[in-house]
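Asker: Sequence below, structure please.
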Amino acid sequence: MRLLIVEDNAELSRLVAGGLSAAGYESDIVGSAAEAREAVSSVSYAAMILDLGLPDGDGLSVLRELRRQMEPLPVLVLTARGGLQDRVSGLRSGADDYLAKPFAMEELVARLEAILRRPGQLLGRSLRLANLVYDTESRQIFVDDQPRIISARETSVLEILLRRQGRVVPKKNVEDHIFGLDGEVASNAVEVYVSRLRKQLAEHGAKVVIHTIRGVGYLMAEEK
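Answerer: Residues are numbered from 1 along each chain as shown. Coordinates of the predicted model:
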């Protein structure tokens, strides 16, 4: 699951990204309001961690813009402004939660997971389909209760398809989930990883199928 960290303090953003990585999350880091707007417009994130004191503007302005655009992206505000009125203002501007600095990494992860467990959001520890189970915390895959090994990029594809099983996942969303803001991506990269995933699942005996919806994306369902 890919997150966006909006924080102009480079050392802090690296620490947050490291803590989130240890908890099983991938992150992109940007340091300004302008970069945040660009990232959100180009990548489909599971959630945003937003600092308010950005060099080119107030993070609340970014948050308000998102909500005016009816953007449902979950946002956890992480800021040194810890006063009551600051917290109230942040929540009324559209934040899903508010955490003041300094903070414990364990609390940040717990609050983020609480947001993502809310109805309509993406978090669930075990994702199941037919005889296939994926544990999102350990990133382990089981087929018929037996652990199976699938390579890292293919596991990322599996996760997003399982989270939206029975629904079409646009190709761009799959690409964003795998690569985020990592730069240039080969035009056929997603097709390659989906093909490899199909092969590995078949070899392990998983009773699932990945349909290609031409010109749109992919859909994972139970094998009939």
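
Asker: And Ser151, how close does it get to Asn188?
Answerer: Ser151 is 17 Å from Asn188, where distance means CB to CB, to the nearest Å. C-beta coordinates here come from the backbone N, C-alpha and C atoms, glycine included.

Asker: how far does the lengthiest helix in the chain sit from the chain's center?
Answerer: Ranked by number of residues, the top helix in the chain under DSSP state H is helix 189-203. Relative to its chain's centre, helix 189-203 lies at 21 Å (CA atoms, centre = their mean, to the nearest Å).

Asker: That helix: which residues count as buried?
Answerer: Residues of helix 189-203 classed as buried: Val190, Tyr193, Val194, Leu197, Arg198, Gln200, Leu201 (neighbour count, 16 or more other CB atoms under 10 Å).

Asker: what pLDDT does Arg118 get?
Answerer: Predicted confidence (pLDDT) for Arg118: 73.

Asker: And Leu181, by the same measure?
Answerer: Reported pLDDT for Leu181: 67.

Asker: Are we agreed that Leu12 is in a helix?
Answerer: Yes: counting by DSSP: H, G, I helix; E, B strand; the rest coil, Leu12 is found in a helix.

Asker: count of neighbours near it?
Answerer: 15 (other CB atoms under 10 Å).

Asker: any idea how far it is from Glu38?
Answerer: Distance from Leu12 to Glu38, counting by CB to CB: 21 Å.

Asker: With Gly57 instead?
Answerer: From Gly57 to Glu38 the distance is 14 Å (CB to CB).

Asker: Equivalent analysis for Pro102, please.
Answerer: 29 Å.
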